[in-house]
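A.B. asks: What follows is a predicted protein model with its sequence.
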Amino acid sequence: MTVTAEAEGFTLKCPRMELRSAWRVLLFPIQMLYHILKASLCSLLPSRKKDLSKEVVLITGGGRGIGRHLAKEFAKQGAKKVILWGRTEKTLKETAEEIALSGTESHYFQCDVANKEEVYKQAKLVREKVGDVTILVNNAAVVHGKGLMSSDDNALLKTQHVNTLGQFWTTKAFLPRMLELQHGHVVCINSILSQSPIPGVIDYCTSKASSLAFMESLTLGLLDCPGVSCTTVLPFHTNTEMFQGMRIRFPQLFPPLKPEVVAQKTVDAVRTNKAFIYLPWTMHALVILKSFMPQVALEEIQKFTGSYTCMNTFKGNT
């Protein structure tokens, strides 16, 4: 039988390809061990923090709660400009004036991130009046604190539009310029409820799980984009108006986070280029437990800690 040159070429390449594949398989565990050891060592050593003096920071939901504290913390740690987005002019103005008094240039724009046309319009206005945004903080969120059957359909839609789709519109509005400049950072204030949902807040848990998937995909998608990074923050219950009335059975063991602590840890994570942070760090244990414990055991943990009924006293402000 006659063998063509094309066939011969294919036959000759096969051993090389197999050798290369075998080498990659052998090298992979060594690479993993290297990265694990490197990350462990870096966590023990003080990290070099990037300078914020040339950064223009935009924070959605920046008028109150964690957003307000984020604005103050970015200003405190040297950001050049801080821009606030939100729906309530009064709180936006108060926060912007407070930041201005500290010596940092501040601006505010009324914008509902659930409205994509409004997002794109205000993003254009920001570029014209303030300049290119280099750090985008997706913080805006709402929660209604009801079960599925007792929730109004429009309220359920609003939660998804603000907490999840809002990130799509803001990121699409500002990320392209970051990629052009090869300089930028996208931040998401998520929640531990994205990985450990509880009853009575089904809309919020679902939206935050979607938001986490968005950020995980975005973070991987930007690996080959020099100068542009992502940070996702997953905090435990934070003591703000948003979750007012929420009660954990053992507050001494599981105290709510202070919003100023969440803000400080978030800005530090941005400056040290951390992709994902859990607050407090003990939340890592919860994620690990979920990976191997049977569902009945997880349910007992929820009941024991009071997570199962913590939203029964909810009086939050959306």
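C.D. replies: That came through, no problem.
A.B. asks: Stretch 218-236 - what's its average pLDDT?
C.D. replies: For stretch 218-236, mean pLDDT is 96.
A.B. asks: Next: stretch 61-72.
C.D. replies: The model assigns stretch 61-72 a mean pLDDT of 97.
A.B. asks: which residues are contacting that stretch?
C.D. replies: 57, 59-60, 82-86, 88, 90-92, 94-95, 98-99, 102, 106, 108, 113, 137, 139-141, 189, 238, 240-242, 259-260, 262-263, 266-267 (CB atoms under 8 Å, 6 or more residues apart in numbering). (Each C-beta comes from the backbone N, C-alpha and C, glycine too.)
A.B. asks: and what of stretch 236-252?
C.D. replies: 64-66, 141, 143, 192, 254, 256-259, 262, 279-280, 283, 304-307, 310-318.
A.B. asks: Keep only those of those residues that are in strands.
C.D. replies: Among those, the members falling in strands (DSSP state E) are L279.
A.B. asks: and the contacts of stretch 236-252, which are buried?
C.D. replies: The neighbour count (16 or more other CB atoms under 10 Å) marks 64-66, 141, 143, 192, 256-257, 259, 262, 279, 283, 306-307, 310-311, 314, 316 as buried among the contacts of stretch 236-252.
A.B. asks: Can you show me the strands along the protein?
C.D. replies: 56-60, 81-86, 105-110, 135-138, 184-189, 228-235, 276-279.
A.B. asks: out of those, nearest to V287?
C.D. replies: Ranking those by proximity to V287 (CB to CB) places strand 276-279 first, at 7.5 Å.
A.B. asks: where's D132 relative to R247, distance?
C.D. replies: Using CB to CB, to the nearest Å, D132 is found at 44 Å from R247.
A.B. asks: L125 now?
C.D. replies: According to CB to CB, L125 stands 42 Å off from R247.
A.B. asks: what mean pLDDT would you report for stretch 311-318?
C.D. replies: 74.
A.B. asks: just for the protein, where's the confidence low?
C.D. replies: The model of the chain has pLDDT under 70 over residues 1-17, 35, 38-46, 317-318.
A.B. asks: if you set the cut-off to 50 instead, what comes out?
C.D. replies: 1-12 (pLDDT under 50).
A.B. asks: tell me the contacts of the residue most central in space within it?
C.D. replies: Nearest residue to the geometric centre of the chain (CA atoms, centre = their mean): C188, 2.3 Å. Taking CB under 8 Å, 6+ apart as the criterion, C188 is in contact with N138, Q167, S211, L212, F214, M215, C230, T231, T232, V233.
A.B. asks: Can you name the residues bridging to the first one?
C.D. replies: Under the criterion DSSP bridges, N138 forms beta bridges with C188.
A.B. asks: Can you verify my assumption that S307 contacts G200?
C.D. replies: No - here S307 lies out of contact with G200, judged by CB atoms under 8 Å, at a distance of 9.8 Å.
A.B. asks: what's the neighbour count on T309?
C.D. replies: 15 (other CB atoms under 10 Å).
A.B. asks: Distance of A100 relative to V133?
C.D. replies: Taken as CB to CB, the span from A100 to V133 is 18 Å.
A.B. asks: who has more neighbours, the two?
C.D. replies: V133 (24 against 14).
A.B. asks: V82 versus that one, what's the distance?
C.D. replies: Distance of V133 to V82, given as CB to CB: 11 Å.
A.B. asks: Between these two, which contacts overlap?
C.D. replies: V57.
A.B. asks: can you map out the helices along the stretch 1-150 of the chain?
C.D. replies: 5-44, 65-76, 89-101, 116-129 (DSSP state H, counting those that start in this stretch).
A.B. asks: Most tightly packed of those helices?
C.D. replies: helix 65-76 (a mean of 25; mean count of other CB atoms under 10 Å).
A.B. asks: relative to strand 184-189, how tilted is that helix?
C.D. replies: Helix 65-76 and strand 184-189 meet at an angle of 150 degrees, taking axes from the mean of the first three to the mean of the last three CA atoms, to 10 degrees as the criterion.
A.B. asks: As PDB, could you dump the C-alpha coordinates of helix 65-76?
C.D. replies: In PDB, the C-alpha atoms belonging to helix 65-76 read as follows (Å, rounded to 0.1, in the frame of the first residue of the first chain):
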ATOM      1  CA  GLY A  65     -23.900  51.400  53.800                       C
ATOM      2  CA  ILE A  66     -20.800  49.600  52.600                       C
ATOM      3  CA  GLY A  67     -20.600  51.900  49.500                       C
ATOM      4  CA  ARG A  68     -20.200  55.000  51.600                       C
ATOM      5  CA  HIS A  69     -17.500  53.400  53.600                       C
ATOM      6  CA  LEU A  70     -15.800  52.200  50.500                       C
ATOM      7  CA  ALA A  71     -15.700  55.700  49.100                       C
ATOM      8  CA  LYS A  72     -14.200  57.100  52.300                       C
ATOM      9  CA  GLU A  73     -11.600  54.200  52.400                       C
ATOM     10  CA  PHE A  74     -10.500  54.700  48.800                       C
ATOM     11  CA  ALA A  75     -10.100  58.400  49.500                       C
ATOM     12  CA  LYS A  76      -8.200  57.700  52.800                       C
END
